[in-house]
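In: predicted model and sequence follow; I will ask about them next.
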Amino acid sequence: MKNCYLGIDIGSISTKGVIIDENNKIIKSDYIETNGNPINAVKRLIESLKKNLDKKVVIKGIGTTGSARKLIGLLLDANIVKNEITAHAVGTLNFYPDCKTILEIGGQDSKIIMLDNGIITDYSMNTLCAAGTGAFLSSQAKRLGIKIEDFGELALKSESPVKIAARCTVFAESDLIHKAQVGYKIEDIIAGLSKSIVLNYLNNLAKGKKIKSPIVFQGGVSKNVGVVKYFKEILNEDIIVDPNSHLMGAIGIAILSKQNSNNKTFDLNIKDIKFETKGMECNRCSNNCEILKIYKDSKLIDAWGSKCNREIKS
């Protein structure tokens, strides 16, 4: 038998999964859209990972990270549930042990992580504004009538990037529309948007932080060569983009699941299991707590939100 470990990173836009072996080698991986339903996304992800999987593979650990980590961790009976900062740091250090700075721009949030000798020393995370995230770039690409896959290459063709106000999605969209209407070249608009995303990130999320190399850029936006170009130019540093940069959180949590394995074997046959969440307002005291109840095959398995620790009944 071959002991392996599953790591799942569940975000609001995308859900990522990897299966690694004892040597942290990736056996299988996939990246799918969450589509507003993390439970169904994880079911689809696991079915994809199981396809053509070596029959000798035995899953001895499951780890979850990302915005829906607690819910999915409960449903999969994960042996470890950790935040994205920890997961991304562990995944990155596995490939780049000397890394000092992690830049990460995902579908709907962004983060920066500072490291020293493999230890997290500082970090910042932006979850409030979508400006400069993958979702923002996708919506602007659609507005301009281009494929998001072509976004970065078009930016590289620009010789004169226009200035775009990207500190806020509303202002950025308004500015972008105006620039298009007055006749700026599409590549100059895209290059300007790519550059403004980098400036926005550095002037806000990274403000007051000393960015040291080696620098590793992660998240879906790291696949955008235009954004990478302007990070390099503005920081005047080399920027490392790993081929698995979009999977780094999943890799990190898979490694953590291996490190915390208790030799239990996990069953990935969850396709036909019915998972359901129901919200309710508890009025048994003045707190009026909003309770979230989680059911597995109609059986209550957990409830969250109680401030007075009263028993929640099904």
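Out: Structure received.
In: max-length helix in the protein?
Out: With secondary structure taken from DSSP state H, the chain has its longest helix at helix 186-200.
In: list the contacts of the helix or strand following it.
Out: Next helix or strand after helix 186-200 toward the C-terminus (DSSP states H and E): strand 215-218. Strand 215-218 is contacted by residues 88, 92, 96, 99-105, 228, 231, 235, 237-242, 245-246, 248-249 when judged by Cβ atoms under 8 Å, 6 or more residues apart in numbering. Any C-beta I mention is one placed from the backbone N, CA and C, and that applies to glycine too.
In: just for the protein, where's the confidence low?
Out: Within the chain, the segments meeting pLDDT under 70 span 127-134, 165-173, 176, 180-181, 314.
In: can you map out the strands along the stretch 101-250 of the chain?
Out: In the stretch 101-250 of the chain, the strands defined using DSSP state E, counting those that start in this stretch lie at 101-105, 110-116, 119-126, 215-218, 239-240.
In: which other residues reach the third one?
Out: So that's strand 119-126. Looking at strand 119-126 with Cβ under 8 Å, 6+ apart, the contacting residues turn out to be 84-86, 89, 109-115, 204-206, 209.
In: so which of those wins on neighbours?
Out: residue 110 (27 neighbours; other Cβ atoms under 10 Å).
In: for that residue, which residues make a bridge with it?
Out: residue 105, residue 126 (DSSP bridges).
In: over to residue 3?
Out: Here residue 3, judged by DSSP bridges, has bridge partners residue 58.
In: and the contacts of strand 119-126, which is closest to residue 293?
Out: residue 84 (25.7 Å; Cβ to Cβ).
In: what sits against that closest one?
Out: Neighbours of residue 84 in contact, by Cβ under 8 Å, 6+ apart: 9, 65, 66, 111, 125, 249.
In: next, it: phi, psi?
Out: phi -70, psi -30 (degrees, to the nearest 10).
In: how far away is it from residue 163?
Out: 32 Å (Cβ to Cβ, to the nearest Å).
In: first-to-last residue distance for stretch 106-114?
Out: With Cα to Cα, to the nearest Å as the measure, stretch 106-114 spans 17 Å from end to end.
In: and the longest helix of the chain, what does it pack onto?
Out: Contact here means 3 or more Cβ pairs under 8 Å, 6 or more residues apart in numbering; DSSP states H and E; on that basis helix 186-200 packs against helix 134-144, helix 151-156, helix 169-181, helix 225-235.
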